[in-house]
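Asker: structure here, sequence nowhere to be found:
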Ligand code: DIG
Ligand code: MN
Ligand code: MN
């Protein structure tokens, strides 16, 4: 009898073709799994209970496919999605695999490469729109340097802005209704990648011609590689109304981009992330941008995909238990208390400022207030580990 942690469409769990289709090649070893077609991937995602499938243009259509082949592939893919009850919530473009992008795409020094990158992205937007995608992710994996002798970094910012502004206009012109989600990463495959964290993109977006059309797609592994608290970046993006998509996976600090199964490395971090997304009512896709261990066959890949979704649902239940825990809630209530008559900061006013300046804070009394975070964190561990 299946338990309560079975994925359902309302959970909005999605996987890229490149995730469960990953064949296990790494810089030091060849493929370990045979190739499987996009149709087979959709069938697998239907079998494990996923809601959506995402794609780079060339995950589905080979880069120089003839129009007839393009039409056939897209027709077969649409049919498979329909038959397996899988939707296409997000599309993106590969601006990193083909050697032409060896010096970047939108930020490349060669204007022909920059032009080709925008052309390729417009065509990928056409494909995604045909499949029903409403989010378009841009991950600038090659937008970076091994040596800063190759271009001034502010020139790279200008070129990136030119490309994103152009693509926003194309979106308007075609009436696609896309929201663009910019995905940061600090390094790999370039030694240093521009816009290295979600925070960099949050600072970049307001400089665009259509900032309302552009948000972010934070990824767990990428911010963790940068040594950051992933939740804090997600929370800032959410608070700014810019959390347009999210790439869930897991990562051990100080390593290359591991794209591990969600929840398989830092349970507490994943717990607080799931709790945040559920507490604030994030309604977007939960996209697992991850892949199975190189040791796995395709039955193992299905275990990987099921594990991503199951861990999310287990942590979602734990978040409910945390929110219902009486001792936790009592501690939180105490933390917010102030002495009667303490002037609030709030919005500045002359009257408010006079009250604040004239108020005598009793530092000795304030220092007596307890901050029982050891107990609070242990209660969190109790909730996470209880019943396991
Ligand atoms: C890498 O984390 C990137 C690519 O996999 C893709 O372009 C994007 C969308 O999830 N993430
Ligand atoms: Mn990654
Ligand atoms: Mn990603």
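Answerer: Received the coordinates, thanks. Computed from a predicted model, the values in this text were never measured in an experiment. Ligands and ions are numbered 1, 2, ... in the order given.
Asker: what residues does the stretch 51-200 of the chain have near ligand 1?
Answerer: Applying Cβ under 6 Å from any ligand atom, we find that the stretch 51-200 of the chain lies next to ligand 1 at 56, 92, 137, 139, 183. For glycine as for every other residue, the C-beta is placed from the backbone atoms N, C-alpha and C.
Asker: show me where this protein has strands.
Answerer: 13-16, 52-56, 90-92, 135-139, 144-145, 179-183, 192-193, 214-216, 247-248, 286-288 (DSSP state E).
Asker: domains in the chain, by residue range?
Answerer: 9-318, 326-385 (automatic domain parsing).
Asker: run the chain-centre distance for the longest one.
Answerer: In this case it means domain 9-318. 7 Å (Cα atoms, centre = their mean, to the nearest Å).
Asker: that one spans what distance, first to last residue?
Answerer: 20 Å (Cα to Cα, to the nearest Å).
Asker: do it and ligand 3 meet?
Answerer: Yes: counting by Cβ under 5 Å from the ion, ligand 3 has neighbours in domain 9-318: 219, 247, 289.
Asker: out of those residues, which are close to ligand 1?
Answerer: Near ligand 1, judged by Cβ under 6 Å from any ligand atom, the entries from the residues of domain 9-318 next to ligand 3 are 219, 247, 289.
Asker: any chance of JSON lines for the strands of the chain, columns mean pLDDT and mean neighbour count?
Answerer: Shown next, in JSON lines, are the strands of the chain (pLDDT from 0 to 100; neighbours: other Cβ atoms under 10 Å):
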{"stretch": "strand 13-16", "mean pLDDT": "99", "mean neighbour count": "26"}
{"stretch": "strand 52-56", "mean pLDDT": "98", "mean neighbour count": "26"}
{"stretch": "strand 90-92", "mean pLDDT": "99", "mean neighbour count": "27"}
{"stretch": "strand 135-139", "mean pLDDT": "99", "mean neighbour count": "25"}
{"stretch": "strand 144-145", "mean pLDDT": "98", "mean neighbour count": "22"}
{"stretch": "strand 179-183", "mean pLDDT": "99", "mean neighbour count": "23"}
{"stretch": "strand 192-193", "mean pLDDT": "98", "mean neighbour count": "18"}
{"stretch": "strand 214-216", "mean pLDDT": "99", "mean neighbour count": "27"}
{"stretch": "strand 247-248", "mean pLDDT": "99", "mean neighbour count": "28"}
{"stretch": "strand 286-288", "mean pLDDT": "99", "mean neighbour count": "27"}
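Asker: check contacts around the residue of the stretch 1-150 of the chain found nearest ligand 2.
Answerer: Closest contact between the stretch 1-150 of the chain and ligand 2, by Cβ to the ion, is at residue 139 (8.5 Å). Counting by Cβ atoms under 8 Å, 6 or more residues apart in numbering, residue 139 touches 92, 96, 183, 185, 217.
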